[in-house]
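Novice: for reference, the sequence and a predicted model appear below.
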Amino acid sequence: FMYLVTLVIFYPMIMMLLVSLKSKAEVVSNPVGVKMSFQFSNYTEAFREMNYPMAFCNSVTLTACSVLAVSFLGCIAAYAIVRCTKMKKLFLLINILFMIGLSLPQQVAIVPMVLWLQKLHLGNTLLGVIFVYIAANASYAIFLFSGFINTVPVALEEAARMDGATPFKVFWKIVFPLLKAPMVTM
């Protein structure tokens with residue numbers, strides 16, 4: 001039974017590999033048949049035509065920038081929302097708006113986001129996609145970090161303030177190092 005399940009799961013990948021090694025004529029004439037003459041030049045042609053190094057560089061840039069920005073901005077925003085003392089109602093309202101953003105499907109925001117990117121002249125740019133990824137994941141990051149920041153004892157921060165630390169220094173030296181687990185999760 002397990003061999004059968006494994007075959008069913010891996011069948012699409014095996015077929016994809018076999019089809020990728022066929023010539024264009026063989027794909028048209030017999031797409032699911034097994035042919036023993038493999039054409040490895042398809043991979044070099046795809047690599048050349050696709051400009052794979054540029055696509056890989058764009059993917060790495062997009063991932064690195066969006067993950068770093070979402071993680072850093074999310075933990076700063078979550079800290080401000082959880083630990084604010086002045087204008088508490090405003091920060092609670094901001095937190096509610098982020099939670100609404102977490103509950104809404106992302107497809108709802110596609111049209112307004114595209115219109116904003118076009119108005120900002122960021123359509124079809126890597127920077128525009130980075131901003132979209134940041135916006136799409138900000139609610140989740142704030143939710144994750146605020147839940148964890150609530151578990152950090154306020155006494156640690158008060159002790160740092162008594163020693164003369166500024167609010168940003170309290171965050172950077174006390175709270176931020178404690179956020180390693182949610183940072184890795186994010």
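Specialist: The structure has been received and is ready for your questions.
Novice: show me the contacts for V108.
Specialist: By C-beta atoms under 8 Å, 6 or more residues apart in numbering, no residues touch V108. (Each C-beta comes from the backbone N, C-alpha and C, glycine too.)
Novice: please repeat the previous calculation with a cut-off of 10 Å.
Specialist: Shown in contact with V108 (C-beta atoms under 10 Å, 6 or more residues apart in numbering): G101.
Novice: tell me the spacing between it and V132.
Specialist: Counting by C-beta to C-beta, to the nearest Å, the gap from V108 to V132 is 14 Å.
Novice: now tell me which helix or strand of this structure has the poorest mean pLDDT.
Specialist: Every helix and strand in the chain was compared by mean pLDDT, DSSP states H and E; the lowest is helix 24-29, with a mean of 82.
Novice: how far does it sit from its chain's centre?
Specialist: Offset of helix 24-29 from its chain centre (C-alpha atoms, centre = their mean, to the nearest Å): 38 Å.
Novice: tell me the helices and strands packed up against it.
Specialist: helix 2-20 (3 or more C-beta pairs under 10 Å, 6 or more residues apart in numbering; DSSP states H and E).
Novice: buried residues in the helix it packs on?
Specialist: Judged by neighbour count using 16 or more other C-beta atoms under 10 Å, helix 2-20 contains no buried positions.
Novice: re the thing from before, which positions in the least confident helix or strand of the chain come out as buried?
Specialist: Of the residues in helix 24-29, none is buried (16+ other C-beta under 10 Å).
Novice: over to stretch 158-173?
Specialist: Result for stretch 158-173 [16+ other C-beta under 10 Å]: buried residues 160, 165, 170-171.
Novice: for this protein, which spans come out with low pLDDT?
Specialist: 36 (pLDDT under 70).
Novice: rerun at 90
Specialist: Counting by pLDDT under 90, the chain contains low-confidence residues at 14-53, 83-88, 91-92, 95, 99, 101-110, 152, 167-168, 186.
Novice: can you check which helix is longest in it?
Specialist: helix 52-83 (DSSP state H).
Novice: which parts of it are buried?
Specialist: Residues of helix 52-83 classed as buried: 62, 65-67, 69-71, 73-83 (neighbour count, 16+ other C-beta under 10 Å).
Novice: now do stretch 148-159
Specialist: Neighbour counts over stretch 148-159 (16+ other C-beta under 10 Å) mark 148-149, 152, 157 as buried.
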